[in-house]
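Peer 1: heads up, no residue letters with this:
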């Protein structure tokens, strides 16, 4: 009897009908498992990216909180107490008494007026000098490069050193008065007269600060579109018209930054006051920062000094937000006109 030959079925061919026979619900469960696996992998990658960002930002955040947020918080807390700095004393809450003393004490209010005068006049002098020199030194050359280095040099010096240098030149026995006396002229009361001393202090502080603002304006001038300047010159615009219509609008962001940074630096002036005038004569050059560090703290008036510091911080914040608000309003006005 003849044997019927059996047909060998390939393995893949046998698996195909089984795959087709798999129920639809089973295939759906497999798809859900795949999606859950993908989501889990994406979630793990997200946590890994967040950890990497935190690793990079964490040290800076710790320094910021530890060196700025925590001290400011302690200053606000102590400003409502009568703390005198001794660890044995428990700070006693006295409410707004320290702030009342800040605004009623003649010495402190005088120092606030001096600080405001220095900040206002100094900011104008610093930015005017820096912008004018930046316009002169914006072109690259041997002389301009040397001029930039020389103009920035005062900022490299310590503020204490700057004060001592100018005190040696403008003091009663300084170089300038000695030369005037040798030529038969009377000496100038640069540091001995209250009015002269205040204006001398403003000049010295402005001289020491304008180097940074010069660098800012030089960087800002590099962003002015050269094609717009060239187009304005082709249209017959002079230098003043070109500056007012092209250069100044492009420098508006730089001017805001320079004004805020210079204003805050002038508000917290202390080192130059110590080395140049010592707050004198008769307290005419005593700033609020000098009152905090040289008067209130040595007198163990930690609560009062903290209140003065909080007032100074608020003044700096008001200055910054005012400048930014004015700039935003000017930009909105320009857009509405355009």
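Peer 2: That came in fine, so what should we check first? Given the structure is predicted, the values throughout are model-derived calculations rather than measurements.
Peer 1: now stretch 225-244, how far from the centre of its chain.
Peer 2: Mean-position distance between stretch 225-244 and its chain equals 32 Å (C-alpha atoms, centre = their mean, to the nearest Å).
Peer 1: Residue 211 against residue 150, yeah?
Peer 2: No - taking contacts as C-beta atoms under 8 Å, residue 211 lies outside contact range of residue 150: 9.4 Å. Quick note: C-beta positions are derived from backbone N, CA and C, even for glycine.
Peer 1: Which residue of these two possesses the greater neighbour count?
Peer 2: Neighbours per residue, other C-beta atoms under 10 Å: of residue 211 and residue 150, the larger number sits with residue 211, 22 against 10.
Peer 1: now the more buried one, nearest residue through space, not along the chain?
Peer 2: Nearest non-adjacent residue to residue 211, counting by C-beta to C-beta, 6 or more residues apart in numbering: residue 155, 3.6 Å away.
Peer 1: so what's that neighbour scoring on pLDDT?
Peer 2: Model confidence at residue 155, expressed as pLDDT, equals 82.
Peer 1: quick one: contacts for it?
Peer 2: Applying C-beta atoms under 8 Å, 6 or more residues apart in numbering, we find residue 155 in contact with 208, 209, 211, 212.
Peer 1: Highest neighbour count among the residues you listed?
Peer 2: Greatest neighbour count in the contacts of residue 155, by other C-beta under 10 Å, goes to residue 209: 27 neighbours.
Peer 1: give me phi/psi at that one?
Peer 2: Phi and psi for residue 209, reported as degrees, to the nearest 10, are phi -100, psi -20.
Peer 1: what's the closest non-adjacent residue to it?
Peer 2: With sequence-adjacent residues excluded and distances taken as C-beta to C-beta, 6+ apart, residue 209 is closest to residue 126, at 5.2 Å.
Peer 1: Am I right that the one you found sits in a strand?
Peer 2: No - checked against DSSP: H, G, I helix; E, B strand; the rest coil, residue 126 lies outside a strand; its state is helix.
Peer 1: Now for it: which residues touch it?
Peer 2: 206, 209, 210, 213, 262, 266.
Peer 1: now those as JSON lines including pLDDT?
Peer 2: JSON lines is the format used below for the contacts of residue 126 (pLDDT from 0 to 100):
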{"residue": "206", "pLDDT": "91"}
{"residue": "209", "pLDDT": "88"}
{"residue": "210", "pLDDT": "85"}
{"residue": "213", "pLDDT": "90"}
{"residue": "262", "pLDDT": "91"}
{"residue": "266", "pLDDT": "93"}
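Peer 1: out of those, who's nearest residue 130?
Peer 2: Closest approach to residue 130 among the contacts of residue 126 (C-beta to C-beta): residue 213, at 3.6 Å.
Peer 1: and the closest one, how many residues sit next to it?
Peer 2: That count, for residue 213 with other C-beta under 10 Å as the rule, works out to 28.
Peer 1: re earlier: closest to residue 50 among the contacts of residue 155?
Peer 2: Nearest to residue 50 among those: residue 212, at 36.4 Å, using C-beta to C-beta.
Peer 1: Apart from its neighbours in sequence, what residue is nearest that closest one?
Peer 2: Closest residue to residue 212 apart from its sequence neighbours, by C-beta to C-beta, 6+ apart: residue 155 at 5.4 Å.
Peer 1: how far away is that neighbour from residue 263?
Peer 2: Separation of residue 155 from residue 263 (C-beta to C-beta, to the nearest Å) stands at 16 Å.
Peer 1: rewinding a little: in strands, which of the contacts of residue 126 appear?
Peer 2: Assigned to strands by DSSP state E, none of those qualify.
Peer 1: residues of stretch 91-109 that come out buried?
Peer 2: Buried residues in stretch 91-109, counted by 16 or more other C-beta atoms under 10 Å: 97, 98, 99, 102, 108.
Peer 1: swap in stretch 299-318?
Peer 2: 301-312, 315-316.
Peer 1: coming back round to it: would you point out the most distant pair within the contacts of residue 155?
Peer 2: Taking C-beta to C-beta as the measure, the contacts of residue 155 span a maximum distance of 9.7 Å, between 208 and 212.
Peer 1: what residues are up against residue 151?
Peer 2: So, once contact is read as C-beta under 8 Å, 6+ apart, residue 151 ends up touching 133, 137, 210, 211, 214.
Peer 1: ok, back up a step: the buried residues of stretch 299-318 in strands, which ones?
Peer 2: Checking the buried residues of stretch 299-318 against strands, none of them qualifies (DSSP E).
Peer 1: What are the boundaries of the helices in the stretch 101-250 of the chain?
Peer 2: Using DSSP state H, counting those that start in this stretch, the helices of the stretch 101-250 of the chain run over 106-137, 142-156, 159-170, 175-182, 194-221, 226-234, 239-242, 248-267.
Peer 1: out of these, nearest to residue 277?
Peer 2: Across the helices of the stretch 101-250 of the chain, closest to residue 277 is helix 194-221 (C-beta to C-beta), at 5.4 Å.
Peer 1: In that closest one, which residues are buried?
Peer 2: Those would be 196-198, 200-218, 220-221, for helix 194-221 by 16+ other C-beta under 10 Å.
Peer 1: and it, how far out from the chain's middle?
Peer 2: Centroid separation for helix 194-221 versus its chain: 16 Å, with C-alpha atoms, centre = their mean.
Peer 1: What is it packed up against?
Peer 2: Counting contacts by 3 or more C-beta pairs under 8 Å, 6 or more residues apart in numbering; DSSP states H and E, helix 194-221 packs against helix 106-137, helix 142-156, helix 159-170, helix 248-267, helix 271-276.
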